[in-house]
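*Asks:* coordinates only, sequence not included:
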């Protein structure tokens, strides 16, 4: 078996069908000995029935509960037989011969352990999917209200903007929506860290791979469309909570307790400020239902961060 494609799905049946159809077309254009594994996290939208009826060639691993993105991928990895393993989101579509291109590149470059695809948005624009490892300073600015005020060059380096969209280049980590690895990496460092329910798990995985001596590469010539966040959009508060708690976990693991504590305190203060601002706007009569929703989300995030010490 050359390639195992692992997809963790939750209530995105129509997107998953498009994803599977795109895989079939890519394999038709450039055949590989491949298997497709779908780990379904107790979807309530008929996903398992669709797979059984329309995609009998897909190995379906239905779960009795929502196991989350990280654990779901580990279930798929444990079942996979391929020499190369491709973690692919269900809201993606493979373009052209991307699968064969990525497998071919890994065969030609034996020290490359992880390969990321050139990811496109739904409208065909580029989706940034390559990064350098975050520093504590990066974490204080990136994806927070301070981002517009970041020091010049700080986020450019983090987003690897010196690498052209069409380049093939070494980076620190690549987005987990379309991440290919060789089995030897999995056997050496293990699966994804299940301490991350979602978010930052690919940063952690690439960090461990690089510490073990493997290279991580972004492949600008292998295209995958990522429609983006179709599962996480269904649980807005949980998305915020997991994103921030995962960020704190990463810094505790690789930068120490002090760095994690400083980041957690900053995030709590940041969300508290936003909560106060939204409360004030609501009290003044501005879009009260929206303000109530945001206040609820921010308060849940603060409570989650307070409980993650």
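*Replies:* Right, received. Where do you want to start? Keep in mind that what you see is a predicted model, and the values were worked out from it rather than measured.
*Asks:* use CA for all of it now, contacts and neighbours both
*Replies:* Noted.
*Asks:* any idea whether residue 225 is helix, strand or coil?
*Replies:* strand (DSSP: H, G, I helix; E, B strand; the rest coil).
*Asks:* I'd say it and residue 90 touch.
*Replies:* No: Residue 225 is beyond contact range of residue 90, at 10.8 Å (criterion: C-alpha atoms under 8 Å).
*Asks:* Of these two, give the one with the bigger neighbour count.
*Replies:* Shown here are residue 225 and residue 90; by other C-alpha atoms under 10 Å, residue 90 has more neighbours (30 against 24).
*Asks:* Residue 219 versus the more buried one, what's the distance?
*Replies:* Distance, residue 90 to residue 219, using C-alpha to C-alpha, to the nearest Å: 20 Å.
*Asks:* again, but for residue 206
*Replies:* In terms of C-alpha to C-alpha, residue 206 sits 15 Å off from residue 219.
*Asks:* So for the two, which residue has more residues nearby?
*Replies:* Neighbour totals were compared for residue 206 and residue 219, and residue 206 leads with 27 against 24 (other C-alpha under 10 Å).
*Asks:* I'd say the more buried one and residue 175 touch.
*Replies:* No: contact between residue 206 and residue 175 fails when scored by C-alpha under 8 Å: they sit 9.8 Å apart.
*Asks:* And stretch 85-92, what's buried?
*Replies:* 85, 86, 87, 88, 89, 90, 91, 92 (16 or more other C-alpha atoms under 10 Å).
*Asks:* thinking in terms of the whole chain, how far from its middle is the helix or strand hosting residue 303?
*Replies:* Using DSSP states H and E, residue 303 falls within helix 288-306. Centre-to-centre, helix 288-306 and its host chain are 24 Å apart (C-alpha atoms, centre = their mean, to the nearest Å).
*Asks:* Show me what it is in contact with.
*Replies:* 236-237, 240-241, 244-245, 264, 268, 271-272, 274-275, 278-279, 281-282 (C-alpha atoms under 8 Å, 6 or more residues apart in numbering).
*Asks:* show me where the chain has helices.
*Replies:* Along the chain, the segments classed as helices by DSSP state H run 13-29, 47-54, 69-79, 98-108, 136-141, 154-158, 183-189, 201-211, 236-255, 257-283, 288-306.
*Asks:* which other residues reach the fourth one?
*Replies:* If you take C-alpha under 8 Å, 6+ apart as the criterion, helix 98-108 is touched by 3, 26-27, 30-32, 84, 112-113, 115, 117, 180, 182, 219, 221-224.
*Asks:* Quick check: mean pLDDT of stretch 63-75?
*Replies:* For stretch 63-75, the mean pLDDT works out to 95.
*Asks:* and the end-to-end length of it?
*Replies:* End-to-end distance for stretch 63-75: 10 Å, by C-alpha to C-alpha.
*Asks:* contact partners of that stretch?
*Replies:* Contacts of stretch 63-75 with the rest of the structure, by C-alpha under 8 Å, 6+ apart, involve 6-8, 10, 39-43, 87, 191-194, 196-198, 201.
*Asks:* Return the subset of the residues you listed lying in strands.
*Replies:* Judged by DSSP state E, the contacts of stretch 63-75 include 6, 7, 8, 39, 40, 87 as members of strands.
*Asks:* Count the residues that sit near the third one.
*Replies:* By that I understand residue 8. By other C-alpha under 10 Å, the residues close to residue 8 number 25.
*Asks:* give the contact list for it.
*Replies:* Going by C-alpha under 8 Å, 6+ apart, residue 8 touches 38, 39, 40, 41, 69, 72, 73, 76, 88, 89, 90.
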